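In: Predicted coordinates and the sequence they were generated for:
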Amino acid sequence: MCLFCKIANDEITSNKVHENDNFLAFHDINPKAPVHVLAIPKTHIDSFNEVTPEIMAGMTAFIQEVTEIVDIKQSGYRVITNVGDNGGQEVKHLHFHILGGARLKWGHFSDADPKDFL
Ligand code: 5GP
Ligand code: ZN
C-alpha cells in the first residue's frame with residue numbers, strides 16, 4: 001500500500017483539514033508556503049494521467065471547500081499536481097498541492113531555457 005493510501009486509511013497519521021467519502025485533505029509535512037495542503041482521492045490513482053472527469057468533478061468541489069476552510073479563497077492560492085518524472089512527482093498517488101497564505105513566486109521551473117523549445 002502506498003504512503004498516501006496509508007494516510008487515507010489512518011495507518012499513518014496526518015494533520016487533516018477536510019474529508020468526505022471520496023477525498024481527504026491534510027497539511028503537507030514539508031510546507032512550501034504558509035498554507036500547503038494536499039488533497040487526495042481516498043482510492044488509489046497513480047497520477048493525473050489516470051484520473052477520470054467524474055472524479056475530477058468531485059475533486060474540484062472538494063478543493064474549493066478546502067480553500068474556504070483554510071481561508072485562502074479570497075486572498076488567492078495556487079493548485080498544482082506534479083505528474084511523472086519531469087513533473088517531479090515523488091508520491092505516486094494523485095495529489096493536488098493547494099498553496100497560499102502569502103504572495104507566491106512565479107518563474108522558471110527548469111534549468112532549460114524555454115526559448116530553446118519554441
Ligand atoms: P510530490 O513531490 O509527489 O508532488 O509531493 C509529495 C508531497 O508529499 C511533498 O510536498 C511532501 O512534503 C509530502 N509528503 C511526503 N510524505 C508525507 C507524509 O508522510 N505526510 C505528509 N503530510 N506529507 C508528506
Ligand atoms: Zn495510494
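Out: Looks like it came in fine. Residues are numbered from 1 along each chain as shown. Ligands and ions are numbered 1, 2, ... in the order given.

In: count of residues packed around residue 66?
Out: Here the number of neighbours of residue 66 (other CB atoms under 10 Å) works out to 25. Just so you know, the C-beta spots here come from the backbone N, C-alpha and C atoms, and that holds for glycine as well.

In: Please identify the residue most distant from the middle of the chain.
Out: Centroid-distance maximum for the chain: residue 116 at 29.7 Å, with CA atoms, centre = their mean.

In: Surely it is within a helix?
Out: Yes: according to DSSP: H, G, I helix; E, B strand; the rest coil, residue 116 belongs to a helix.

In: From ligand 1, how far out is it?
Out: With distances taken as CB to the nearest ligand atom, to the nearest Å, residue 116 is found 25 Å from ligand 1.

In: cool, residue 82 as well?
Out: For residue 82 relative to ligand 1 (CB to the nearest ligand atom), the value is 4 Å.

In: quick one: residue 27 and residue 33 touch, right?
Out: No: using CB atoms under 8 Å, residue 27 makes no contact with residue 33, being 11.2 Å away.

In: of the two, who's got more company?
Out: Set side by side, residue 27 and residue 33 give different neighbour counts by other CB under 10 Å, the larger being at residue 33 (19 against 15).

In: which residues does the residue farthest from the centre of the chain contact?
Out: Residues near residue 116 by CB atoms under 8 Å, 6 or more residues apart in numbering: none.

In: can you pull out the strands in the protein?
Out: 16-19, 23-27, 35-41, 77-80, 96-100 (DSSP state E).

In: Identify whichever of the ones you listed lies nearest to residue 106.
Out: Shortest separation from residue 106 across the strands of the chain is recorded for strand 77-80, at 8.7 Å, computed as CB to CB.

In: So is that closest one next to ligand 1?
Out: No: taking CB under 6 Å from any ligand atom as the criterion, strand 77-80 and ligand 1 are apart, separated by no less than 7.6 Å.
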